[in-house]
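Colleague: What shape does this take:
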Amino acid sequence: MAYLELWGNAMAKSEKEVLEVISNLLESKGIEHGVEVTVGNSRLDAYFITPIGNSVAVEIKQWEPTINNQQRAKKLAKTIQTTAGTSEAFIVFPSHFNSDINSSVVSISNLAQKIDYILQEKTTITPSKPLKIKNEQENFIFAAMPFSPEFDDTFEIAIQGAATENNLYAIRVDRENFAEDVVSNIKNQIKNSIGCIADLSGSRPNVLFELGCALALNKKDIQICSTDIKNLPFDVRNNPTMQYSIGRTNFLKNILSKKIKNVFTTEV
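Modeller: Have a look, this model is predicted:
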């Protein structure tokens with residue numbers, strides 16, 4: 001089924017709409033797939049299995065297709081491929097720009113061609129670890145954290161990895177998503193979560209706001225920080241805060257996994 005038959009000339013406005021496009025494309029081709037599911041140590045927007053058995057992770061990022069964001073997304077695709085344990089991974093931007101189907105970052109305009117390209121591959125790609133799919137997870141942790149690229153691994157490897165080890169998953173709200181009311185989305189996600197992990201690195205105002213929302217709702221929380229804890233605002237500085245170093249994400253994951261078990265899973 002052609003892309004235009006599925007979507008016409010309209011531009012995708014939300015992640016849900018893009019997921020519908022992906023699901024319709026794969027269903028029309030009879031391809032085994034899943035959406036919003038935990039695979040390995042990643043929470044994926046979608047995944048599918050090709051006819052020759054390659055597993056593919058798909059993530060949607062509502063980012064402006066700038067060169068910097070495309071480079072960031074390529075790095076993120078490599079991280080997700082590793083944490084999910086899939087054969088390959090790619091990122092979809094729900095906007096129109098010139099993208100190459102050989103790239104790990106594609107425009108919504110080239111999504112159908114990208115999927116066709118992958119389905120036509122003749123070489124089996126052995127993933128780094130056996131594929132583990134968890135469909136039963138319902139409870140999630142809200143991650144309040146800086147949106148800067150240097151914190152992508154903190155979320156994908158450490159926070160998400162630690163959450164999935166405890167049969168949970170983590171979410172964060174991308175602040176470059178201009179298609180929705182970001183503040184309302186944040187409040188709803190915090191309300192529906194079982195608690196909050198707040199990365200207070202740099203004392204970012206948005207993180208302090210989100211942590212404040214969680215505390216106002218009597219949510220349990222875990223504080224982490226990669227910068228000097230002495231520089232944190234007084235009202236959070238004296239709370240237990242795990243110090244970590246950027247780049248040592250596997251070390252942080254191991255510590256967080258134990259902390260999550262103690263703080264969040266006892267009543268789940």
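
Colleague: so where's the stretch 151-268 of the chain uncertain?
Modeller: Scanning the stretch 151-268 of the chain for pLDDT under 70 picks out the ranges 175-180, 266-268.

Colleague: now the strands for it?
Modeller: For the stretch 151-268 of the chain, the strands defined by DSSP state E, counting those that start in this stretch occupy 169-171, 195-199, 220-225, 241-243.

Colleague: Comparing those strands, which comes out most buried?
Modeller: Greatest average neighbour count among those goes to strand 195-199 (a mean of 26), per mean count of other Cβ atoms under 10 Å. Where C-beta positions appear, they are placed from N, C-alpha and C, glycine not excepted.

Colleague: That one versus strand 220-225: what angle between them?
Modeller: 10 degrees (axes from the mean of the first three to the mean of the last three Cα atoms, to 10 degrees).

Colleague: thinking again about what came up before, dump the strands of the stretch 151-268 of the chain to TSV, plus distance to Glu156.
Modeller: Compiled in TSV, those are given as follows (distance: least, Cβ to Cβ, whole Å):
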stretch	distance to Glu156
strand 169-171	9
strand 195-199	13
strand 220-225	15
strand 241-243	18
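
Colleague: Looking at the ones you listed, spot the one closest to Val105.
Modeller: strand 169-171 (21.4 Å; Cβ to Cβ).

Colleague: List of residues touching the closest one?
Modeller: Residues from elsewhere that reach strand 169-171, judged by Cβ atoms under 8 Å, 6 or more residues apart in numbering: 38, 43, 137, 140-143, 155, 159-160, 163, 189, 193, 197.

Colleague: Return the residues in contact with the closest residue in space to Ile157 that isn't next to it in sequence.
Modeller: Closest residue to Ile157 apart from its sequence neighbours, by Cβ to Cβ, 6 or more residues apart in numbering: Thr249 at 4.1 Å. Remark: with contacts taken as Cβ under 8 Å, 6+ apart, Thr249 is in contact with Asp153, Thr154, Ile157, Ala158.

Colleague: repeat for Ala73
Modeller: Lys61, Trp63, Ile91, Phe93, Ser104, Val105.
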